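this is a predicted model, with the sequence first.
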Amino acid sequence: MKKDSPLISIIIIDYKKDNPYILESFQAINDQSYKNYEVILVSDYKNNYTTNKLRKKHYGKYVLPAHKRDQGAKMAKGEILAFLDDDAYPSKHWLKNIVKGFKSKNIVAVGGPGVTPPNTSFLEQASGWASASPMGSGTYSYRFLPKKKKFVDDYPSMNLAVRKNHFIRVGGFDSHYWPGEDTKLCLDLTHKLNKKILYLPKALVYHHRRPLWLSHLKQNGNFGVHRGNFARVLPQTSLKLLYFGPSLLFLGLSYLFISLLIPSIVIIPVVNLGVILSILYFSSLLFNGIWIYKKSQNIWQGVISVPAILITNLWYGLRFIQGFLFIGKLKK
């Protein structure tokens, strides 16, 4: 890799025939302080998008995201592949900071936070705060807000840069999984190649959220199914207690609810424990709402976060169980 200014191939995949976020992203890319880049857009359908240094490919039909990203990598001339979602746009020094992250040869990939853009709708902001808050993402809040620099073993492709030669060595993305192809890629990079993925808070992009309620829940439910499946088939990075938390919440509250309806089948000490844990959980939700209010400076964001996070956790937990038990068919 050229020491100071390697060519970076920005790869964006698109699903829609008319996507206003693409133009927003192109404008932000044009404004980058780092100028040695190319843009590759791989889409399902033909489009008329234009911008500087752009090359395009379309299929004329729906194609899985992993396949489109792999195609973008084949078209790329750069030493670094910078994957960016079609509903995200980068901060001004995004590419500059990515290059800084690759100074060590042992670093194979660099990821950065995807912050909810300012001036979006109330329900999109609510979705973003629900995801970024302590009760929404736990220790993974660094994916949604800038946190301390650190090494990670799993990172989403909405903002992920990878050395092209190493990407090719592991065979790129695995199109058997969606969503989750990025989890499989990161597992291959860190375990097969024994390399490191660096999280850099300054490699920041602005990532639009699925607004509350239905689209937000649909997306998080899909994440739950695939994380549950990965906890079973890819335990190296997915068999973690934190991922089981929403499922334990779902099972616990379900049992508590049944115990109230049918007291005769209840083990009293278990119910008492369930009541105590439920009180602790809902108290934490209220404190989480206060945290969101202080961060967002909007009291209604704090208020709506309480039911939003509760429902999201329960739905994710149920779908995680489905994925873990392999009930239903994963998209391939």
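Happy to help now that I have it. Residues are numbered from 1 along each chain as shown.

what's the neighbour count on L214?
Counted by other C-beta atoms under 10 Å, the residues lying close to L214 total 9. Any C-beta I mention is one placed from the backbone N, CA and C, and that applies to glycine too.

can you name the residues that contact the residue lying closest to F324 once chain neighbours are set aside?
The shortest distance from F324 to any non-neighbouring residue, by C-beta to C-beta, 6 or more residues apart in numbering, is to G228 (3.8 Å). By C-beta atoms under 8 Å, 6 or more residues apart in numbering, the contact set of G228 is 243, 247, 319-325.

kindly recompute the last result at 7 Å.
Counting by C-beta atoms under 7 Å, 6 or more residues apart in numbering, G228 makes contact with 319-324.

which helix is the longest one in the chain?
Ranked by residue count and defined by DSSP state H, the top helix of the chain is helix 268-296.

and that helix, which residues are buried?
For helix 268-296, the neighbour count (16 or more other C-beta atoms under 10 Å) marks 274, 285, 288-289, 291-293, 296 as buried.

just stretch 44-58 next, same as before
For stretch 44-58, the neighbour count (16+ other C-beta under 10 Å) marks 44, 47, 49, 56 as buried.

could these be laid out in TSV, adding distance to L253?
Shown next, in TSV, are these (distance: C-beta to C-beta, whole Å):
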residue	distance to L253
D44	40
N47	46
Y49	46
K56	48
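
thinking again about what came up before, let me have the buried residues of helix 268-296 in TSV, extended by pLDDT and distance to I29.
Formatted as TSV, those follow (pLDDT from 0 to 100; distance: C-beta to C-beta, whole Å):
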residue	pLDDT	distance to I29
G274	73	51
L285	95	39
N288	95	35
G289	95	36
W291	95	33
I292	96	31
Y293	95	34
S296	94	28
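
closest to D86 out of those?
Nearest to D86 among those is S296, at 25.8 Å by C-beta to C-beta.

go ahead and confirm that closest one touches A132.
No - using C-beta atoms under 7 Å, S296 makes no contact with A132, being 9.8 Å away.

name the helices or strands packed onto the longest helix of the chain?
Applying 3 or more C-beta pairs under 7 Å, 6 or more residues apart in numbering; DSSP states H and E, one finds that helix 268-296 makes contact with helix 134-137, helix 241-261, helix 299-324.

by how many degrees do the longest one and helix 268-296 diverge?
With axes from the mean of the first three to the mean of the last three C-alpha atoms, to 10 degrees defining the directions, helix 299-324 sits at 130 degrees from helix 268-296.

what does the average pLDDT come to for helix 299-324?
Averaging pLDDT along helix 299-324 gives 96.

now it: buried residues?
Quick answer for helix 299-324 (16+ other C-beta under 10 Å): 301-302, 304-306, 308-324.

right, I'll call it a day here.
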